[in-house]
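> predicted model follows, preceded by the sequence.
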Amino acid sequence: MRRLIPRLILTVVGVVLVLTPFFVRPEAGGRGPLPVFFAYADENFSVWFNVLAVFAFILGGANLLRTHALRVRERGRDWPYSLLTLVAFTAVLVLGLFKVGGPPGLQGSVSHGDSALTWIFDWIYMPLKSTLFALLAFFVASAAYRAFRLRSWEASLLLAAAFVVLIGRTPFGVTLTAWLPNVLRFLRLDELSIWIMKVPNTAGWRSILIGISLGVVAMSLRLILGIEHAVLGGRR
Amino acid sequence: MSGSLEVWIASLLTLMVFSFLWRDNPLYKFAEHLFVGVSAAYFMVLAFWSTLWPNAVVKLVPAAVRVTQPGAEPGAFEPLAIVPVLLGLLMLCRLWPRLAWLSRWPTAFAIGTTAGYNLTRYLRTDFLNQISTTVQDGIVVQQAGRVAWGGTLDQILVLAGTVCGLVYFTYSRPHRGYYGGMARVGVAFMMVTFGASFGYAVMGRVAVLVSRLQELLGGWLGLL
Amino acid sequence: MRRRGADWGARLAGLDRRWIYLILAAGLILTLLTGLRLPERPSILVEPLYERVENLPPGSPILLSLDYTPSTAPELEPMAFAVVRHALLKGHRLCFVSLYPEGDNQIARVTEGVIAREFPAVRAGRDFAVLGYKAGNEMVINALAQRLDSMYAGDLEGRPLAELPALAGVHRLADFALVVAFSAGTPGLKEWILFAGDPLGLPLGGGCNGAGAPQFLPYFPHQLLGLMGGIKGAAEYEAALRLGHPEFHQRTMRATEGMGPQAVAHCIIIAFVLLGNLGLLLSRRRREDAT
Amino acid sequence: MGSILDTSAWNLGLMLLLLSAAVLGGIQAARRRRLGPMRRLRALDALEIAVGRAAELGRPVYFVPGVRDIDDVQTIAGLSLLRTVAGLAARYGCRLQVPTDRSLVMNTAREICREAYAAAGRPEAYRDDMVSYISDEQFAFAARVDGLMVRERPAAAFLLGAFYAESLLLAEAGNLAGAMQVAGTANWHQLPFLVTACDEVLIGDELFAASAYLDEDPALRGSLRGQDFGKYLAMALLTGGALLAAGSVLTGQAVLTTLYGAVLRLLQTG
């Protein structure tokens, strides 16, 4: 019985949402209980999911606090940094929940201009986030150095396409092959990189996107029909 | 050299993250643990005030809207807003081993919504759309009434590449013989796609690094 | 001699990645400190758009749609500045619209930041008209295709369209000599192609953010006579303007300045990819000798 | 009927019925008679190789189920592969770490790992702390996981699920830690980075097919035949539609143009 009810919930919710596009929405003239019901489900099930996710935060937060508190108590590896995580977490939680710094009491939006949360966001959160994003420029360089090698025919194609586009993006790209006669103009770097983006790039992405859409359809079907065993527990 | 405390804090944190490029070190650990604590709490605060409060609390207790907007008129009472709250409480049963099996119910609801929403959306947006775009592009490209052979050859190649790519993504037959050949052509198209898209994305990543360096060199050290 | 070559091969192919990080960081910092600018040349994507603006008879009406927001302005605003400078230099008449609410102040940044400062003789109403933002996304384009005044009773200050010399003889989209749409999302350039370019056979040029460029390439050159992709596209238009009109001193060339570090970063990455492959070939030749 | 059923979505309904029938038909056929040989997915063989390597070297195994919540199908596909990897880790006796950046994913991942360890006959080896919650912010999550991987030097790292800009942060740090990396996502824009930085990659649709390959009910592989029907249908529509378009343009035959119009109506998305 413990397995049946979750399966039933999953199937009913899945089927209802699959059918929503086939009913006329009330604002487009759909009358009667069915259009209203399906429109309500379409709009509200995702809101319910978000509310549900907020409750789950308690489980996540509990795990975060437990992991770092345990490490501090047992003086485990890097415990002073875990203490920092605990302090930062508690401070921001309190400052944010009570909207400290914003309009008096709990009025106004949580991300009000002068609130402590906004200050933390601007001067601690964003610098850390954008610098981590900036690390990607370095990692792009080291990944390219490591992977773009004439090792196999696939890796060589990967290298050739990336090379043409990379050079095409530099000022020299245009001058480097501008001398090519007009009959060979398609070999000029800027023409070649445009051709690569127009033809093989378009074909590659189209087949991948069509493949993904069928993958999602098949997986969603397996989930709704309850024959996808991995996630909600196997057949016992 | 900037005198503002905020710029100093942001710049020092920036250097701490960059230190990871050299190797894992106390400065990076400081930035890492600080960011985990700050961001986890930040999202929980947003989740409470931007999701839970308007969609659950205010809908169940309309007068509560005055807590955040003193002058506001209470909205309508929505009984059904209790459902996600119940699902949320069921989720918390996970904390008691005896009741842990109940937490499967909200998980089932969550997975049901995911499967239900995505099935038709991907079918329409990616499956039907991608095929109709390719078909509408057609094969024969005309300029001023005449067949443009360059453009037509390109369209044939796009069609061939897409079909061969789809052959690569089939599972029910081993990729051998001519079938394997088509799959390899599909892989070739995909490798060019990944290489070209990688090359194209480099500029976006470098732009973010350049702006960080400009803030350090200009905003903080005043050298620019 | 051959044995030492092989050591080089193994070393080149297996460099410690921190060398790459060090050289990339140093290269960028030096470029920023010295303000190095590299000679940019317009590619075949940008050249036709520049030529079209250059060769239109003076006083031709051009519609500019600024469909971007402050967060995507760093890539798109330099394009708008460059095209506006070029069009005013050639004495064309401009008309500004936008599909985004933030478009009004993006247009204001153009009229105050470029027109007022660099073209004092140019008058609002006479030489350019600001119609501003209208809600409705692609429906706005549809309406403008029929009649301008079906969407805009007057310009932003409320003056009726008929009284604006800048729009003399312009009643619908097809009357414009050129339309240029600067877009970073939806609605944007794609909607201008689908609802204006294709159905009316309108001469349409475009500017988009770097990430969005690949999706518009298939439209070039039949449905899109020119495309500026990201900072690189803006820098190319600035370069074309500088090459074509050396006498005109542009107050700022933000895109070209932004492109300096980009070019250096791309060259460093290309160099390391070449080094890696050189090392691979050297060590492969060593293996062949050894067997 | 016009005011209740939205008839403009008839083609969506038709496609849905066709694909559902194909998937179900494939499974029934697989139940009745044995399936012929199918295409091998190299990345799936790499799962066991990587975990085996971790056991030999006595180093941990890291599994990252993406950076999205379970409202993304890729996360569910990633979690279905976690069941296989957890089972392998239980059998080989290596230390499994599953950092997550959503609480719901953490909760579901714990269920899956507990069941996988029980199914492998080692329920006592399961610890709740194997699965941890880091933070909802994707870059804080990536920074933390990078730090952990560089310090604990896992021998196997699995990046399976929905990834965004932080994908290369994780993949490069995994490479720095000397891990054999198997990645998989359907976020097409991250595939160039993962293909470049990782050893094996499940490209787009392969991430979803993987759970059918590895499911304990072999008949589920029949569903892949149904999925392939969708691809053959797509190929037919692509080539047929394009040829009809070319035919009607070149020859101007009315019948070709009407057929072409019919194909377009079948594909129009309203």
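Received the coordinates, thanks.

> mind listing the strands for chain C?
C:61-67, C:93-98, C:128-133, C:178-183, C:204-208, C:226-229 (DSSP state E).

> deepest-packed of these, please.
strand C:204-208 (a mean of 30; mean count of other Cβ atoms under 10 Å in any protein chain shown). From N, CA and C alone the C-beta is placed, and that goes for glycine too.

> which helices and strands does that strand pack with?
Applying 3 or more Cβ pairs under 8 Å, 6 or more residues apart in numbering or on different chains; DSSP states H and E, one finds that strand C:204-208 contacts helix C:73-89, strand C:178-183, helix C:189-192, strand C:226-229, helix C:230-244.

> which SSE is the spatially most central residue of chain D in?
Central residue of chain D (Cα atoms, centre = their mean): residue D:207, 2.1 Å from the mean position. Using DSSP states H and E, residue D:207 maps to helix D:205-214.

> of all the strands of chain C, which lies closest to residue D:113?
strand C:204-208 (44.9 Å; Cβ to Cβ).

> now the angle between strand C:61-67 and the closest one, please.
30 degrees (axes from the mean of the first three to the mean of the last three Cα atoms, to 10 degrees).

> what's the average pLDDT for strand C:204-208?
For strand C:204-208, mean pLDDT is 95.

> give me the contact list for it.
By Cβ atoms under 8 Å, 6 or more residues apart in numbering or on different chains, the residues outside strand C:204-208 that reach it are C:49, C:52, C:76, C:79-80, C:83, C:178-184, C:188-189, C:192-193, C:196-197, C:216, C:223-230, C:233-234.

> need the residues of the stretch 151-291 of chain C near chain D, please.
By Cβ under 8 Å from any Cβ of the partner chain, no part of the stretch 151-291 of chain C sits against chain D.

> got any ranges where the stretch 151-291 of chain C has weak pLDDT?
Residue ranges of the stretch 151-291 of chain C with pLDDT under 70: none are present.

> residue of chain D closest to chain C, please.
residue D:176 (7.8 Å; Cβ to the nearest Cβ).

> what's the burial count for that residue?
Counted with other Cβ atoms under 10 Å in any protein chain shown, the neighbours of residue D:176 add up to 18.

> pretty sure it sits against residue D:150.
Yes. With contact defined as Cβ atoms under 8 Å, residue D:176 reaches residue D:150; the gap is 5.9 Å.

> which bits of chain A sit near chain C?
A:137-138, A:140-142, A:144-146, A:148-151, A:159, A:162-163, A:166-175, A:178, A:190-191, A:194, A:197-198, A:201-202.

> mind giving me the ChimeraX command for buried ones among these?
Here is the ChimeraX selection string for the buried members of the residues of chain A next to chain C, based on 16 or more other Cβ atoms under 10 Å in any protein chain shown:
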select /A:137,138,140,141,142,144,145,146,148,149,159,162,163,166,167,168,169,170,171,172,173,174,190,191,194,197,198,201,202
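
> can you narrow the residues of chain A next to chain C to ones near chain B?
A:137-138, A:140, A:144, A:148, A:159, A:162-163, A:166, A:168-169, A:197-198, A:201-202.

> by pLDDT, give me the weakest of those.
residue A:169 (82).

> so who does that residue touch?
Contacts of residue A:169 (Cβ under 8 Å, 6+ apart): A:193, B:199-200, B:202-203, C:232, C:262, C:266.

> and those, which of them are in helices?
A:193, B:199-200, B:202-203, C:232, C:262, C:266 (DSSP state H).

> so which of the residues you listed is the closest to residue A:232?
residue B:200 (40.2 Å).

> could you report the pLDDT at the one residue in chain C that gets nearest to chain D?
Nearest residue of chain C to chain D (Cβ to the nearest Cβ) works out as residue C:17 at 7.8 Å. Looking at residue C:17, its pLDDT is 92.

> next SSE after the helix or strand of chain B with the lowest mean pLDDT?
Counting by mean pLDDT, DSSP states H and E, chain B has its least confident helix or strand at strand B:142-143, which shows a mean of 72. Tracing the chain C-terminally past strand B:142-143 and defining elements by DSSP H and E, one meets strand B:146-147 next.

> what about that following strand, near chain C?
No. Strand B:146-147 lies out of reach of chain C by Cβ under 8 Å from any Cβ, never closer than 13.1 Å.

> and that strand, how far from the chain's centre?
How far strand B:146-147 lies from its chain's middle: 43 Å, per Cα atoms, centre = their mean, to the nearest Å.

> average pLDDT for that strand?
78.

> and residue A:145, what does it touch?
Residue A:145 touches C:15, C:17, C:20, C:269, C:272-273, C:275-276, counting by Cβ under 8 Å, 6+ apart.

> quick check: it vs chain B, distance?
Separation of residue A:145 from chain B (Cβ to the nearest Cβ, to the nearest Å): 12 Å.

> how many other residues sit next to the residue of chain C closest to chain D?
20.

> surely it and residue A:144 touch.
No. Counting by Cβ under 8 Å, residue A:144 is not a contact partner of residue C:17; they are 10.9 Å apart.

> residue contacts, the residue nearest to the centre of chain D?
Per Cβ under 8 Å, 6+ apart, neighbours of residue D:207: A:215, D:74, D:77-78, D:81, D:160, D:184-186.

> swap in residue B:44?
A:57, A:61, A:93, A:96, D:136.

> what strand or helix carries the third one?
For residue A:93, the element it lies in under DSSP H and E is helix A:79-97.

> pull the CA atoms of the helix or strand just after that helix into PDB?
Moving toward the C-terminus from helix A:79-97, the next helix or strand (DSSP H and E) is helix A:116-120. Only the C-alpha atoms of helix A:116-120 are listed here, as PDB (Å, rounded to 0.1, in the frame of the first residue of the first chain):
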ATOM      1  CA  ALA A 116      21.000  44.900   5.200                       C
ATOM      2  CA  LEU A 117      20.100  42.000   2.800                       C
ATOM      3  CA  THR A 118      20.600  44.300  -0.200                       C
ATOM      4  CA  TRP A 119      23.900  45.500   1.100                       C
ATOM      5  CA  ILE A 120      25.100  41.900   1.600                       C
END
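
> does helix A:116-120 come close to chain D?
No. Using Cβ under 8 Å from any Cβ, helix A:116-120 stays clear of chain D, coming no nearer than 12.6 Å.

> check whether that helix contacts chain B.
Yes. Applying Cβ under 8 Å from any Cβ, one finds helix A:116-120 in contact with chain B at A:117, A:119-120.

> before we move on, the earlier item: where's the least confident helix or strand of chain B relative to the chain centroid, distance-wise?
Distance, centroid of strand B:142-143 to centroid of chain: 40 Å (Cα atoms, centre = their mean).

> thanks a lot, catch you later.
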